[in-house]
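J.: here's a sequence, model it:
(one chain, ligands or ions: 1)
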Amino acid sequence: MKHKKKWLLMGLVFILAAALFAGCGKSKETDTTEKSTLDKIKKRGELVVGVKYDTYLFGYKDPKTGKVEGFDVDIAKALAKKIFGDEKKVKLVEVTSKTRIPMLQNGQIDAIIATMTITDERKKQVNFSDVYFDAGQSLLVKKGSPIKSVKDLKKGTKVLAVKGATSGDNVKAKAPDAQVLEFENYAEAFTALKSGKGDALTTDNSILYGMAAQDPNYEVVGGTFTNEPYGIAVRKGDEKFTKYINSFLKELKESGEYDRIKKKWIKQQ
Ligand code: GLU
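T.: Below is the predicted model of the structure:
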């Protein structure tokens, strides 16, 4: 009987020790998740940024060269240069308007630099940097189209937009009678416009100018009917990394590098 008690006690001690050990492991794990984003990026040896692959002039994968290029891509490279002193230490990951927030939230990317408007709704899900580019929503139509502005979007007009973008809701507010069709990405939406599936495509003027530059049969009309200030998004509550990105943007502007990048890609505006 005495023997039995001894074993029972030893077993209990063992269970307690195991539980304690597991507890230690857990607190270590919490430590790593709480480690600053910047530390994690440095340890990994590269910055991972979500950019568009289908938005000419901002984030665009050139089918001929396979290279991903644009204004947002150059901003991402400049951020890698600030962190590592080497602009090559950036991994570009494709996002669409719909996938960018979930991909940031589940840790696939460190930041979103992808024509993303700062909105109050999105601020509930992500932290935004200061504004790094000012766009506004507009319309792209085939040259000669009777649509000249948002006022011409009437009942029966089909307007094409992209899922997860601000554009769909914005145009519904300005032209409630028009029919809005939403696509997965800008490549699909532009293809749909060209194949006659809609009368106009709506998104930021900056993106539409890129499409018009790719196909001269299309033009941007009517000016802008919203303000779309772009911000770099990082995980919600990550104030440290947000501050770091804001000081990066400030330095980029003060050094003249921001103007150089902007001039390289943006001819209109
Ligand atoms: N700037 C708008 C937005 O963030 C449209 C461009 C985009 O879809 O990324 O929704």
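
J.: quick one: contacts of stretch 101-116?
T.: Stretch 101-116 has contacts (C-beta atoms under 8 Å, 6 or more residues apart in numbering) with 37, 40-41, 47-52, 55, 58-59, 72-73, 75-76, 79, 93, 95, 97, 100, 122, 125-126, 135, 164, 204, 206-207, 230-236, 241, 245. All C-beta atoms are positioned from the backbone trio N, CA, C, and that covers glycine.

J.: I'd like to know which of the residues you listed are buried.
T.: The neighbour-count criterion (16 or more other C-beta atoms under 10 Å) marks 37, 41, 47-52, 55, 58-59, 72-73, 75-76, 79, 93, 95, 97, 100, 122, 126, 135, 164, 204, 206-207, 230-235, 241, 245 among those as buried.

J.: out of these, which touch the ligand?
T.: Restricting the buried ones among the contacts of stretch 101-116 to those touching the ligand (C-beta under 6 Å from any ligand atom) yields 97, 204, 207.

J.: pick the one among the residues you listed closest to the ligand.
T.: The nearest member of those to the ligand, counting by C-beta to the nearest ligand atom, is residue 97 at 3.5 Å.

J.: my reading is that that closest one lies in a helix. Confirm?
T.: No: assessed with DSSP: H, G, I helix; E, B strand; the rest coil, residue 97 is coil; it does not lie in a helix.

J.: who are the contact partners of it?
T.: For residue 97, the contacting residues are 114, 116, 162, 163, 164, 165, 185, by C-beta under 8 Å, 6+ apart.

J.: the second one: how many residues sit nearby?
T.: Residue 116 sits with 27 neighbouring residues when counted by other C-beta atoms under 10 Å.

J.: likewise residue 123?
T.: As a burial measure, residue 123 scores 13 neighbours (other C-beta under 10 Å).

J.: quick one: it and residue 161, what's the gap?
T.: Distance, residue 123 to residue 161, using C-beta to C-beta, to the nearest Å: 22 Å.
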